[in-house]
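Student: Need coordinates for the following:
(one chain, ligands or ions: 2)
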Amino acid sequence: MSSKLGRNDMCWCKSGKKYKYCHENFDSKIDHFRRLGAEVPTHNMIKTPEQIAKIKESAKINIEILDYVAAHIKAGITTEEIDQWVYDITTKHGAIPAPLNYEGFPKSVCTSINEEVCHGIPSSDVVLKEGDIINVDASTILDGYFSDSSRMFCIGNVSPEKQRLVDIAKESLQVGLKEVKPWGYLGDMGQAINDFAKENGYSVVREIGGHGVGIEFHEDPWVSYVSRRGTEMIMAPGMMFTIEPMINMGKAPIYTDKDNGWTVRTKDGLPSAQWEIQILITDDGYEIISY
Ligand code: MF3
Ligand code: CO
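Tutor: Ligands and ions are numbered 1, 2, ... in the order given. So this is what the prediction gives:
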């Protein structure tokens, strides 16, 4: 692919710069890692500055949504009300809630309580009560550009056990981020998160991971948090993906609700917690795009 481009040709990234002043060095690094047998990103996973600017506009709305939820969530409200907040804030900005009608998902946001791992469906039947922990997972499409992040919320006083799970799940992102650098392996991050969860007596969901995001809701690569150091795709500048490990208080196995086809729960019925951020790999580290 890269060999077809002359050094004085325009770069494939559409920067308008000559290849030799733009991604030539990038491509030789990619070739280097490919020769080592590593999995490497394709050019279409590399976001341009214009795309990044658009995705950041989308993320502003996503962050506003979660800030609003943080300020208003409390015992007594229903998850249907959260869905309404998300829909209203999103559409007020001329944006679209990415979950709505996504593969048939019926609502604008995912709300997953206690033993629900992810993809919980908002409902007027579900009333938040003191002691619940809930993940609110928001995703926004603005002008075709996607943002995706989620946070945990503790309703009133929660048990110390649940509080610790929520805190460790949040801290696991920082532990993972320490391993995020250009030309590192995604597996370095995955193993760091898995090790940290295990050290704390928890387990990490294996079947569901993070994903590339920005131009589509779910792009390559798939991002595991039970992977091994020195494996999985190389992180190259311009890649954008989520870090969103699901940390279980008990064992890792999960199942999907047969009746609604969406809600994922822990098999052992113990609580699960997840925080999600969307990040960009930069030339010297990373940037958090949505949180
Ligand atoms: N926001 C979720 C993610 O992190 C995806 C939810 S898909 C939905 O990938 F349809 F359930 F919304
Ligand atoms: Co996601």
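Student: so for stretch 239-258, what's the average pLDDT?
Tutor: Stretch 239-258 carries an average pLDDT of 99.
Student: Check stretch 63-79 too.
Tutor: On average, stretch 63-79 scores 99.
Student: ditto for stretch 281-291
Tutor: 98.
Student: which of the residues in that stretch are buried?
Tutor: Residues of stretch 281-291 classed as buried under the neighbour-count rule (16 or more other CB atoms under 10 Å) are 281, 286, 289-291. Backbone N, C-alpha and C define where each C-beta goes, glycine included.
Student: touching ligand 2 at all, the helix ranked longest in the chain?
Tutor: The longest helix of the chain (DSSP state H) is helix 49-72. No - Helix 49-72 lies apart from ligand 2 when judged by CB under 5 Å from the ion; the minimum separation is 10.8 Å.
Student: Is that helix in proximity to ligand 1?
Tutor: No - Helix 49-72 lies out of reach of ligand 1 by CB under 6 Å from any ligand atom, never closer than 10.1 Å.
Student: Check which residues of the following helix or strand past that helix are buried.
Tutor: Using DSSP states H and E, the helix or strand that directly follows helix 49-72 along the chain is helix 79-92. Residues of helix 79-92 classed as buried: 79-87, 89-90 (neighbour count, 16+ other CB under 10 Å).
Student: One more: stretch 201-216?
Tutor: Residues 202-205, 208-215 are the ones in stretch 201-216 that count as buried (16+ other CB under 10 Å).
Student: Next to ligand 2, which bits of the stretch 1-150 of the chain? Give me the list.
Tutor: Asp148.
Student: quick one: low-confidence ranges for the stretch 1-150 of the chain?
Tutor: 1-3 (pLDDT under 70).
Student: how about a cut-off of 90?
Tutor: 1-4 (pLDDT under 90).
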